[in-house]
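S.K.: Based on what follows, work out the 3D shape:
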Amino acid sequence: YYTDIPLRISTVDQLLPSNNINCLYRDEEDVLWIGTSKGVSTIRENIITNLSSPKKIAEPKWWQRLFGFTTERKSFEEPIQAITSWGDCILLVNTEGLYKADRKHDELIRLYNYDITSSLSTPLQNITTVMVDFDANIWLAGDQLLKYDITHNELYKISENMPFRGRSFLTLTEDINAKSIWIGMERG
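M.R.: Take a look at the predicted model:
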C-alpha cells in the first residue's frame, strides 16, 4: 500500500520515547527497531510500540496480595546508539553499556546490562555500529574499535593494538568465507 502522505511518528501518544532518533535496525522478522535518546520503540505490521514505557500490568489477584507478590515493571530510558540482533536476542548499545533482551517487538523482557566501560581508559564515544561476528563476538565501532566476548566477559581494544589511519570507525561487515572483518573508517 502506497500513500504520498507521510506518517508522523513522534512522542505524541507516547509512540516514541524521544523525537531524537539515533539509529534504525530492521531485524529478520521484519520488525523495525528505533533507537532514540531516551529509549527504544518498534514498528511491526504498522503497530508502533514504545518499549521504554512499561506495559500496564493487571491488578494482582487476591492470593498474590496475600503473599505479598508484586510485579513491577521498570521503564528503560537509556539512549540507544546502535542496535543489532544476536540469535533470538536484541542487542542495544550506548556509551554506558551493552544491553541484551529477548527479541520481542512488544516488550523488553529479560534485559541484561553488560558493563563495557569499566575496563576502558577512555570512554567509547560516537558509536556508529554494532555487529555480531560468526564466532559470537560483539564488535562496537565509534571513536574506538572494540571486540567483546560476551560468553567470557572479555573486552578487546582492537584500535589500540593495530595501526589504523584514522580514529573514527564508521561501519563494520564480516566476510564469512574469508574469515575477515572489513572496517570502514573516515580515512579509508
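
S.K.: beta partners for Trp139?
M.R.: Judged by DSSP bridges, the bridge partners of Trp139 are Met131, Lys147.

S.K.: for Tyr114, same thing?
M.R.: With DSSP bridges as the rule, Tyr114 is bridged to Leu98.

S.K.: Where does the prediction get shaky in the protein?
M.R.: Where the chain drops to pLDDT under 70, the residues are 1-3, 7, 54-65, 68-74, 166.

S.K.: just the strands in it please.
M.R.: Secondary structure of the chain, counting by DSSP state E: strands at 21-26, 32-36, 39-44, 47-50, 82-86, 89-93, 98-102, 112-114, 129-132, 137-141, 145-149, 154-157, 169-175, 180-185.

S.K.: Of all these, which one comes closest to Thr122?
M.R.: strand 154-157 (9.8 Å; CB to CB). No exception for glycine: its C-beta is placed from N, CA and C like everyone else's.

S.K.: For the closest one, list the C-alpha coordinates in PDB.
M.R.: The C-alpha trace of strand 154-157 is given here as PDB (Å, rounded to 0.1, in the frame of the first residue of the first chain):
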ATOM      1  CA  GLU A 154      36.300 -10.100  27.900                       C
ATOM      2  CA  LEU A 155      36.800  -6.800  26.100                       C
ATOM      3  CA  TYR A 156      39.500  -6.400  23.500                       C
ATOM      4  CA  LYS A 157      40.500  -2.900  22.400                       C
END
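
S.K.: As CSV, the strands of the chain with mean neighbour count and distance to Gln14 would be great.
M.R.: Compiled in CSV, the strands of the chain are given as follows (neighbours: other CB atoms under 10 Å; distance: least, CB to CB, whole Å):
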stretch, mean neighbour count, distance to Gln14
strand 21-26, 16, 15
strand 32-36, 22, 12
strand 39-44, 22, 9
strand 47-50, 17, 5
strand 82-86, 19, 20
strand 89-93, 24, 19
strand 98-102, 18, 19
strand 112-114, 13, 24
strand 129-132, 20, 26
strand 137-141, 23, 30
strand 145-149, 20, 32
strand 154-157, 16, 35
strand 169-175, 16, 32
strand 180-185, 14, 36
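
S.K.: mind checking which of those is nearest Leu15?
M.R.: Distance to Leu15, taken as CB to CB, is lowest for strand 47-50 among the strands of the chain, at 4.6 Å.
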